[in-house]
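J.: The following block contains a protein sequence and its predicted model.
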Amino acid sequence: MATRIEKDSMGPLEVPADAYYGVQTQRAVTNFPISGWPLPPRLIHAMGRIKRAAAKTNLDLGLIDKKISDAIVQAATEVVDGKLDAQFPVDIFQTGSGTSTNMNANEVISSRANEILGGKRGDKSPVHPNDHVNLCQSSNDVFPTAIHISVIEAIREELMPSLEHLQKTLAKKAQEFDGVMKIGRTHLQDATPIRLGQEFSGYATQVKYAQDRAEMTMWALDALPLGGTAVGTGLNAHPEFAQRTIEKLSKELGVPLVEEENHFEAAAARDACVEASGQLKTIAVSLAKIANDFRLLGSGPRCGIGELKIPPVQPGSSIMPGKVNPVIAESLIQVCLWVIGADLAVTLGGLQSFFELNVAMPLIGTNMLESVHLLATASRNFADACVKGIEADKERCESLVEQSLAMCTPLAPVIGYDKAAEIAKKAYKEGKTVREVAREMSGLSEQQLSEIFNLHALTEPGIRGKGGE
């Protein structure tokens with residue numbers, strides 16, 4: 001492979017001849033042969049957005065001339081558009097401030113800008129990576145700003161639409177199943193009746209709350225650290241740089257963004273990321289609950305609960321012909337477990353804040369972006385490949401209601417708790433329904449029993465009072 005020689009403060013080093021990146025990026029590639037995983041493209045594109053907006057601001061402030069600004073803007077736009085993704089090879093597990101990736105961006109944009117101006121790859125003149133592309137910036141405020149805006153963009157473009165799609169799909173099923181009576185379950189034991197539509201309305205509401213939490217995640221990240229430079233003092237940055245640049249980013253992304261009020265907090269800690277990650281974890285917990293319920297309610301199909309018919313999407317066994325498994329739900333659950341684990345990594349990353357800097361930012365940013373992406377794709381797939389095609393086994397649902405000993409509950413207000421418990425025990429011992437034993441022991445008329453065991457009335461809130469267990 002052809003190479004060129006570049007120098008930095010540590011001396012000369014060979015760099016691939018066709019690379020837009022330079023010596024500092026090459027040192028990082030050499031120093032961090034850890035995972036082979038580069039940073040997520042969204043984070044790199046966010047770096048490009050920041051460099052592009054910064055170049056426009058620095059032109060407005062008279063800090064660089066128009067020729068240099070225009071070249072940086074054009075080169076940074078190519079980064080934003082993903083055209084230069086291959087030029088960002090630095091491993092996730094690198095310097096904890098993200099300095100290697102910031103310099104990677106500076107070098108690529110500088111090199112490409114000089115090429116645009118008639119020079120060649122690797123040139124540092126007339127556009128210099130530090131003096132021009134990184135002007136008024138530091139890795140310590142640029143990289144966390146890139147985390148914030150990339151996660152906001154991912155939530156808005158990926159997660160919010162997917163959750164909305166899942167919520168609407170569940171809500172439609174809630175309406176479809178509203179007339180299906182089934183037994184409720186608490187402690188995994190039979191409880192009082194519920195309509196399947198009511199159960200699904202709970203799932204739809206969980207996802208509605210998940211949408212709210214995704215929105216709160218964006219609110220947690222809307223204050224940007226840009227402007228604090230190295231330790232929060234704003235050294236080497238024009239006093240108007242941050243506000244002007246953030247205004248440009250806010251207009252470009254179409255979301256309200258502001259400059260962090262206290263740059264010392266913004267430099268020293270990543271608490272906003274920990275908060276936002278916690279919301280993503282909560283969304284994962286909600287989705288896992290729904291997916292697990294689907295698995296259990298569809299268990300069987302003959303020897304389990306079997307109240308739901310899960311869409312068959314692939315053969316379920318290499319040895320048992322005809323077996324079909326709830327694989328779409330299992331896929332979503334695995335994603336949720338991944339996100340919960342990623343939240344722990346972000347939390348532990350937040351603990352790596354010492355004095356004026358957090359030193360786990362590449363880990364934090366990567367895990368948050370991966371969580372958003374996985375939640376978005378898995379929830380949409382769950383809606384389309386599972387929820388849309390799910391069916392209720394109405395006969396099975398209603399037969400289990402009639403067999404349940406929990407049907408003695410509406411008897412208690414009429415004949416007393418102890419008498420109702422006696423009926424339940426006798427029904428269990430003799431293998432009869434509660435209704436059958438109540439005819440024998442309660443002294444109530446058939447009309448009274450029909451009113452007491454009116455299943456629809458039992459599922460209407462307030463009709464028979466509210467109570468716990």
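T.: Nice, thanks for sending it over. Just so you know, these numbers come straight off a predicted model, no measurement behind them.
J.: When you work out contacts or count neighbours from here on, use the C-alpha atoms and nothing else.
T.: Fine.
J.: Identify the residues contacting the nearest residue to Val133 once chain neighbours are set aside.
T.: Spatial nearest neighbour of Val133, chain neighbours left out: Asn106 (5.6 Å); criterion: Cα to Cα, 6 or more residues apart in numbering. Residues near Asn106 by Cα atoms under 8 Å, 6 or more residues apart in numbering: Pro129, Asn130, Val133, Asn134.
J.: Just confirm Asn106 is within a helix.
T.: Yes - assessed by DSSP: H, G, I helix; E, B strand; the rest coil, Asn106 belongs to a helix.
J.: I'd like the distance between it and Gln24.
T.: Going from Asn106 to Gln24 by Cα to Cα, to the nearest Å gives 10 Å.
J.: before we move on, what about Thr229?
T.: Between Thr229 and Gln24 the distance, using Cα to Cα, works out to 20 Å.
J.: Repeat that for Tyr428.
T.: Tyr428 is 76 Å from Gln24, by Cα to Cα.
J.: who has more neighbours, these two?
T.: Legend: neighbour count by other Cα atoms under 10 Å for Tyr428 and Gln24, higher for Gln24 (23 against 16).
J.: Any chance you could list what contacts the helix or strand harbouring that one?
T.: If you go by DSSP states H and E, Gln24 is part of helix 23-31. Residues from elsewhere that reach helix 23-31 (Cα under 8 Å, 6+ apart): 6-8, 12-15, 89-91, 94, 100-101, 103-104, 107.
J.: If we go by neighbour counts, what in that helix is buried?
T.: Val23, Gln24, Thr25, Gln26, Arg27, Ala28, Val29 (16 or more other Cα atoms under 10 Å).
J.: so what pLDDT did the second one get?
T.: I take that to be Gln24. Gln24 is assigned a pLDDT of 97 by the prediction.
J.: Please tell me how far Val231 sits from Asn134.
T.: Counting by Cα to Cα, the gap from Val231 to Asn134 is 16 Å.
J.: Looking at those two, which one has more neighbours?
T.: Using other Cα under 10 Å as the criterion, Val231 and Asn134 rank with Asn134 on top: 22 against 19.
J.: Would you enumerate the residues in contact with the more buried one?
T.: By Cα under 8 Å, 6+ apart, the contact set of Asn134 is Lys51, Asn106.
J.: pLDDT averaged over stretch 248-261, what's the number?
T.: Mean per-residue pLDDT for stretch 248-261: 97.
J.: nope, stretch 125-137 is what I was after
T.: For stretch 125-137, mean pLDDT is 98.
J.: That stretch spans what distance, first to last residue?
T.: Across stretch 125-137, first to last residue, Cα to Cα, it's 19 Å.
J.: Then stretch 230-244?
T.: Stretch 230-244 has an end-to-end distance of 19 Å (criterion: Cα to Cα).
J.: any idea how far it is from the chain center?
T.: Stretch 230-244 sits 32 Å away from the centroid of its parent chain (Cα atoms, centre = their mean, to the nearest Å).
J.: And for it, what's in contact with it?
T.: 54, 57-58, 61, 135-141, 226-229, 258-259, 262-268, 356-357.
J.: how about the strands in the protein?
T.: Ranges of strands in the chain, per DSSP state E, are 3-8, 11-16, 181-186, 189-195, 223-224, 258-259, 308-309, 353-354, 357-358, 391-392.
J.: tell me the contacts of Gly298?
T.: Applying Cα under 8 Å, 6+ apart, the residues contacting Gly298 are Gly304, Ile305, Gly306, Glu307, Leu308, Lys309, Ile310.
J.: Filter those down to the buried ones.
T.: For those, buried by 16+ other Cα under 10 Å: Ile305, Gly306, Glu307, Leu308, Lys309, Ile310.
J.: The residue nearest in space to the middle of the chain and Ala342, how far apart?
T.: Nearest to the geometric centre of the chain sits Val372, at 3.0 Å (Cα atoms, centre = their mean). Noted for Val372: a distance of 11 Å to Ala342, by Cα to Cα.
J.: can you check Lys120 too?
T.: 41 Å.
J.: Settle it for me: which of these two has more neighbours?
T.: Taking other Cα under 10 Å, Lys120 and Ala342 do not tie; Ala342 has more neighbours (23 against 16).
J.: For the chain, which residues score under the pLDDT cut-off?
T.: Applying pLDDT under 70 to the chain picks out residues 461-469.
J.: Relative to its centre, which residue of it is most distant?
T.: Among the C-alpha atoms of the chain, the one most distant from their mean position (Cα atoms, centre = their mean) is that of Gly443, at 57.1 Å.
J.: Next up, the contacts around the closest residue to Glu14 other than its chain neighbours.
T.: In space, and not counting its chain neighbours, Glu14 is closest to Ile5: 4.7 Å by Cα to Cα, 6+ apart. Applying Cα under 8 Å, 6+ apart to Ile5 gives the contacts Pro12, Leu13, Glu14, Val15.
J.: picking that back up, would TSV of the contacts of Gly298 with distance to Glu158 be doable?
T.: Shown next, in TSV, are these (distance: Cα to Cα, whole Å):
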residue	distance to Glu158
Gly304	36
Ile305	35
Gly306	34
Glu307	32
Leu308	29
Lys309	29
Ile310	26
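J.: out of those residues, which one sits closest to Leu287?
T.: Leu287 lies nearest to Ile310 out of the contacts of Gly298, by Cα to Cα, at 16.7 Å.
J.: Please name the nearest non-neighbouring residue to the closest one.
T.: Ile390 (5.2 Å).
J.: for the nearest residue in space to Ala2 that is not next to it in sequence, phi and psi?
T.: If the residues on either side of it in the chain are set aside, Ala2 comes closest to Ala17, at 5.5 Å by Cα to Cα, 6+ apart. Here is the backbone geometry of Ala17 (degrees, to the nearest 10): phi -60, psi -30.
J.: My read is that Ala17 contacts Thr3, right?
T.: Yes - between Ala17 and Thr3 there is a contact at 4.2 Å, judged by Cα atoms under 8 Å.
J.: Neighbour count: those two, which is higher?
T.: Remark: of Ala17 and Thr3, Ala17 carries more neighbours, 15 against 12, as counted by other Cα under 10 Å.
J.: so what's that one up against?
T.: By Cα under 8 Å, 6+ apart, the contact list for Ala17 reads Ala2, Thr3, Arg4, Arg121.
J.: let's see 10 Å
T.: Ala17 sits next to Met1, Ala2, Thr3, Arg4, Ile5, Arg121, Gly122 when contact means Cα atoms under 10 Å, 6 or more residues apart in numbering.
J.: neighbours of Ile149, just the number please.
T.: Neighbourhood size, Ile149 [other Cα under 10 Å]: 28.
J.: Spatially, what comes nearest to it if we skip its sequence neighbours?
T.: Once flanking residues are discounted, Ile149 sits nearest to Ala46: 6.6 Å by Cα to Cα, 6+ apart.
J.: Go through the buried residues of helix 23-31 and say which is closest to Thr145.
T.: Thr25 (20.3 Å).
J.: gap between the closest one and Val108?
T.: Distance of Thr25 to Val108, computed by Cα to Cα: 9 Å.
J.: Quick check: neighbours shared by those two?
T.: Shared contacts of Thr25 and Val108, counting by Cα under 10 Å, 6+ apart, come down to Gln87, Phe88, Asn102.
J.: Good, wrapping up.
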